[in-house]
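Colleague: got a predicted structure plus its sequence, pasted below:
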Amino acid sequence: MMANTVEAEGQLTPDEQKRLTSDMHRSLRRKKVRALFLVAPLLIFIMVTFVSPIATMLFRSIDNPQVSEYMPNTTAALASWDGDSNELPDEATYAALVEDLVVGRKNHTIGKAATRLNYEKSQMRSLLTGTARKAARLKPPYKAQLIKINKGWGDIDNWRVIKRESKPYTTSYYIAAFDMETTPEGEIRMLPENQRVYLQMLWRTVWMSVVITLLTLLLGYPVSYLLASLPMRVANTLMILVLLPFWTSLLVRTSSWIALLQGQGVINDILVWFGLVNDESRLSMIYNATGTVIAMTHILLPFMILPLYSVMKTIPPSYMRAARSLGATPFTAFVKVYLPQSVPGISAGAILVFILAIGYYITPALVGGQTGQFIGNMIAYHMQSSLNWGLAAALGVVLLTLVLGIYALYSRLFGGNNQMTLR
């Protein structure tokens, strides 16, 4: 009877509606759980290889445990000391320092605190390690004896540095990353011009990456246009030549440019043979910015060609023929019809090449010399040689922020609508 009523009226009873809604919700939950299990490996991979390293880098750039961990007594004693009073700490602070030096030398940890303080003020490492070797033989009172061992313990600026860096978190690494320093009085100022390294290197990284991006666009656009215009069989054959560099090691490709660009290299020999340059005045194209730009343009060129080709292949050739039939010249038809439709490929290739270029360090390290180094080379130096991981992390955060800012600008200009109108 109920089934006949439902069939006649086309409506469900309240109980049936509840059951149907419950079944639909249950089915949707199963689909969501199934989808979650499908993407879970990817999410775990992203967390482990992308999010976790970035979070670690962000934490490293402000983490400052060395002084407070390896000089705990001195840190506690300096907490009540007023560094602006222009008076040295009291005897209890010097006694705490001696205790920390004795324990630190025994545990081989005082060198870590000394190295951290030396980042902020030169000669702090020799001050701490030199005193630590004699600290075990000292008897109270300690203040006069420490000053006699090294006059640095009578310098109030050294104590101000120790107090400032005894905090568990610091902005000192970011201050150094912008070529600034903190005076013992706590003022932040720019370093002398002959000591500024990172801002100059960051600017060099940006403008050289822009030049490399423009060169890959200039060279890649005609190649992509040719590939998109040729028959599929011929285009596929030529595409193998574009992808061929991916089959060769990056190190091998970079090393080959050293053989080509050096003073006695192939290119200079050809120029001398044709009489374009004198044998005594061969061109300097390696171990400078020129070598970095040439080598990286070659290496990153496929990353510009592939996005351009994928977009150009979708542009119907009939559009150009229609423009020509309406009286447009080949140049006008290209500028007014073809070029605007290829803008998505230009923007995608440009942002891809630029982001890859700005983070490169292997190629600049091999062919860049002093004037062709990127900020990535300085990050690698602090990670592997100076072991100043905090500064390396701060430089990495600055570079990451720059890249995110550029990508945000790209998204604002091209994200909503990848078309461009040329008048």
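Modeller: Yes, it's here.
Colleague: any idea how the protein splits into domains?
Modeller: 2-52, 66-195, 198-415 (automatic domain parsing).
Colleague: got the contact list for Lys121?
Modeller: 157-158, 161, 184 (CB atoms under 8 Å, 6 or more residues apart in numbering). The way it works is simple: take the backbone N, C-alpha and C, and place the C-beta from them, glycine included.
Colleague: which residues touch Gln370?
Modeller: 287-288.
Colleague: make it 10 Å
Modeller: By CB atoms under 10 Å, 6 or more residues apart in numbering, the residues touching Gln370 are 287-289.
Colleague: how about the strands in this protein?
Modeller: Assignment of strands within the chain using DSSP state E yields the ranges 180-182, 188-190.
Colleague: before we move on, back to that, so which of the contacts of Lys121 wins on neighbours?
Modeller: Val161 (23 neighbours; other CB atoms under 10 Å).
Colleague: chain center to stretch 204-212: distance?
Modeller: Its chain's C-alpha centre lies 14 Å from the corresponding centre of stretch 204-212 when counted by CA atoms, centre = their mean, to the nearest Å.
Colleague: what is the nearest of the contacts of Lys121 to Ala408?
Modeller: Nearest to Ala408 among the contacts of Lys121: Val161, at 37.8 Å, using CB to CB.
Colleague: picking up where we left off before, let's have the contacts of Gln370 in a markdown table, adding pLDDT, neighbour count and distance to Val252.
Modeller: As requested, the contacts of Gln370 are exported to a markdown table (pLDDT from 0 to 100; neighbours: other CB atoms under 10 Å; distance: CB to CB, whole Å):
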| residue | pLDDT | neighbour count | distance to Val252 |
| --- | --- | --- | --- |
| Tyr287 | 91 | 19 | 19 |
| Asn288 | 92 | 16 | 21 |
| Ala289 | 92 | 19 | 22 |
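Colleague: any buried residues in stretch 48-65, and which?
Modeller: Within stretch 48-65, the residues that qualify as buried are 57, 60-64, counting by 16 or more other CB atoms under 10 Å.
Colleague: hang on, the earlier thing: deepest in the core, which of the strands of the chain is it.
Modeller: Counting by mean count of other CB atoms under 10 Å, strand 180-182 has the highest mean neighbour count of those, with a mean of 18.
Colleague: buried residues, stretch 360-375. List them.
Modeller: Neighbour counts over stretch 360-375 (16+ other CB under 10 Å) mark 360-361, 363-369, 372-375 as buried.
Colleague: go on, stretch 251-268?
Modeller: Buried, per 16+ other CB under 10 Å, within stretch 251-268: 254, 257, 260-262, 265, 267-268.
Colleague: distance between stretch 66-76 and the chain's centre?
Modeller: That offset, for stretch 66-76, works out to 32 Å (CA atoms, centre = their mean).
Colleague: now the terminal residues of it, how far apart.
Modeller: 14 Å (CA to CA, to the nearest Å).
Colleague: then stretch 189-201?
Modeller: This stretch, stretch 189-201, spans 19 Å end to end (CA to CA).
Colleague: hang on, the earlier thing: and the furthest pair within the contacts of Lys121?
Modeller: Checking the contacts of Lys121 with CB to CB, the most distant pair is Asn158 and Pro184, at 8.0 Å.
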